[in-house]
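Student: Next come a sequence and a model predicted from it.
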Amino acid sequence: MPDNLFTTPTRRFHLTRRGKILQTTTERYLRDDLGYGTLLLPSKKPNATIAGDVTELVPITIDTVDMLCRVTNGGGTLVVVDTNVLLHHMDVLEYIRERDGDNHHEGGDDDEEAIHSIAAAVVIPQTALEECRNRSLVMYRRVTDLIRSSSTGGKRKRSFIVFADLHHVDTQHCGADDEESKKEEEEVRKINDENDARIRKVAYYYGKALYNYQRGRTYNSHSDEDNRNIEVVFLSDDAQSRQLAIQEQPQQHNNNKKGLYYTPRSMREHVTLLQKQDPTLNLLDMVAQFHIPPAAQRIEYYPPHIDSAALSLGLKTNRYHQGVFRSDRDSYSSGYVTVRRGQERVAVLIRGGRNVNRAVDGDIVAIELFAVEEWLASADGQQSPPPQQQQQQSAKATKEEHAGIAPETAEPTLKDMDNINEELPDETGTLRRPTAKVVGIIRRNFHKNYCGSLVSVDHATTSDDAHPHDIIAAKHECEHADGITSTVVFFSIDSRIPPILLRTTQRERLLGMRILVSMDSWPSDSEWPLGHYVKTLGMVGTKDTETEVLLQEFRIPCEPFPAKVLACLPPPDYKIELEPGRVDLRHLPILSIDPPGCKDIDDALHCIELDNGNWQVGVHIADVTHYVEAGSAIDLEAANRSTSTYLVNKRLDMLPSLLTTDLCSLKGNVDR
């Protein structure tokens, strides 16, 4: 085994169903030559393609502290993030703003760019990255895309360092030696698991290395430029982990005012400091919310969710049932969950805010069925309307009949659409709709950004004929004690999504705009879920803005084709030639059936009379597969887009325009 390679055994004991104790031993290879992480840098020799130069990214190991300092430009802040930051604060990590006229540095060069991000360098431990992948593939892809995108471009605006803490010899969580220490360690593990402890070790490793390096430079240099300190910050929204980070560090050193190698902060604390340095950042709006601001009186709007241990046991014993909650089309306070009953699937109705219990459309939930006596007897789950309403409906139907208006078509049932039963027989054989309540959330579906607008108190009213949105806004909008932020109410254009409470510093600017919002949490003492602002799409009602809303709401890919896709296209001097196996039909009178002005002419016909008096009709379709190899980057991109999208003011092609409007378009007098 090489000198720089070590192994560490991990023993675990499991109790089998038969009562036997089974020991498993896992060995992890450790190295002492991994340095201070890995950075992706563009290669010096880009590859020339039809789309231009394609630059490959090469992993570079940061071997020395001096190289680490150069990565951070010799000063600023180096941030170590934990798993929760990757899961809930990606909008903050992705934030960067190009320098504009109002942000020029005094005495700066015209080509210099200001850094408007949370730190000069961000360290992502391997532990946090793998936990993020296990809990949310959506956020994991955003993290990996961010690592790659920050490494490309002419000028580096920030650096993302991936640190292999799982295999680094200096960041392992060591066990205790004596019995008393083992008891203390066991208490610690009850509060904080091994992964969190290892991530704190990463912050300690960077903090200690930079402190020793900077102290040596201070003794050997009298230049202020050489004595700029790099502050190491551990970002975590876990208060227990931040407290342990302080307790675990030796207090005799003076790297900062608190005498710590690194400073633990929550994301909100860190962003608040950045906001004070540059009030134009508006980063506070992007910080995820998990608790509502303190109030004189707490109101529990919803029953608490059952803890994971009791939930797991209840699912095994069939006391609870698991399924995906689907909201009704026009309501967020009612919906259904599909559960298995033998070989059949049954839709269980969930009605009322307390029974829905903070579930949002798409959440994987655990439900508890009500007694059969509480199931609904009617097929549609609704009671008969009162006599006055029946008379109004009858009069309306009569009026529409005389006006020649066709009756409304009945909505298809779940049985019609998905072969899901909506009714079950009770003990007497009477069909009833089963009902239930949500008792726990197994997995949230908070990773989609929602489009909508704010409703302000300025335009709200509490009169009897007021719109429900106005009443909610008047109840919940308020200014906070910090004098900077205020709570506003966001309403999604998707009626299945409940109102979302935002904490923002730019209330006046966001009024009358379409914005994107992400949902963060829904505590039991909050009437509505908490979220944060992502970005502004534009003014309400304009064509471009509402088009963007459609693209965002239905998740239609609208980004330009990446370089790896364009690299699959034929070269610029490509010429079509007759290949073996193909039939030359250029002598036939072929007519397009596409309308005038169409750019992608991919459908055509010909019709000729044969010698025997019969007529030959030919259908001609562009052979796109000739240019799209199965499994290639362009094939995968087309599969992701699925189809071309046509909007009122633009079209979004499934394939690059070189194929759709040129090589695969049946133009007149041009070989194809």
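Tutor: Good, I have the coordinates.
Student: contacts, neighbours, all on C-alpha from now
Tutor: Noted.
Student: so how far does stretch 318-338 reach from one end to the other?
Tutor: Using C-alpha to C-alpha, to the nearest Å, the end-to-end distance of stretch 318-338 comes out at 15 Å.
Student: for stretch 620-631, that is, sorry about that
Tutor: End-to-end for stretch 620-631, by C-alpha to C-alpha: 25 Å.
Student: could you give the mean pLDDT of that stretch?
Tutor: Per-residue pLDDT values over stretch 620-631 give a mean of 85.
Student: Please identify the buried residues of it?
Tutor: Neighbour counts over stretch 620-631 (16 or more other C-alpha atoms under 10 Å) mark 622, 628 as buried.
Student: Distance from the chain centre to that stretch, please.
Tutor: 33 Å (C-alpha atoms, centre = their mean, to the nearest Å).
Student: who touches that stretch?
Tutor: 568-570, 602-605, 634-635, 659, 664-666 (C-alpha atoms under 8 Å, 6 or more residues apart in numbering).
Student: Between all of those residues, which two are at the greatest distance?
Tutor: Spatial extent of those (C-alpha to C-alpha) is set by the pair Cys568 and Leu605 at 29.9 Å.
Student: more crowded one of these two?
Tutor: When Cys568 and Leu605 are compared for neighbours, Cys568 comes out ahead with 18 against 15, by other C-alpha atoms under 10 Å.
Student: before we move on, back to that, TSV for the contacts of stretch 620-631, including secondary structure, pLDDT and distance to Thr127?
Tutor: What follows is the contacts of stretch 620-631, written out as TSV (DSSP: H, G, I helix; E, B strand; the rest coil; pLDDT from 0 to 100; distance: C-alpha to C-alpha, whole Å):
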residue	secondary structure	pLDDT	distance to Thr127
Cys568	coil	85	36
Leu569	coil	85	39
Pro570	coil	85	42
Asp602	coil	79	50
Asp603	strand	83	53
Ala604	strand	87	57
Leu605	strand	91	60
Ile634	helix	88	33
Asp635	helix	88	33
Leu659	helix	85	43
Cys664	coil	83	48
Ser665	coil	83	50
Leu666	coil	83	54
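Student: Is it possible to mark the buried ones in the residues you listed?
Tutor: Buried among those (16+ other C-alpha under 10 Å): 568-569, 602, 604, 634-635, 659, 664-666.
Student: Generate CSV for those, with distance to Gly452 as supplementary columns.
Tutor: Listed next are the buried ones among the contacts of stretch 620-631 as CSV, based on distance: C-alpha to C-alpha, whole Å:
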residue, distance to Gly452
Cys568, 38
Leu569, 39
Asp602, 38
Ala604, 43
Ile634, 33
Asp635, 34
Leu659, 36
Cys664, 39
Ser665, 39
Leu666, 42
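Student: and of those, the nearest to Val348?
Tutor: Nearest to Val348 among the buried ones among the contacts of stretch 620-631, with distances taken as C-alpha to C-alpha, is Asp635, at 40.5 Å.
Student: What strand or helix carries the nearest residue to that closest one once chain neighbours are set aside?
Tutor: The shortest distance from Asp635 to any non-neighbouring residue, by C-alpha to C-alpha, 6 or more residues apart in numbering, is to Val628 (6.0 Å). Using DSSP states H and E, Val628 sits within no helix or strand.
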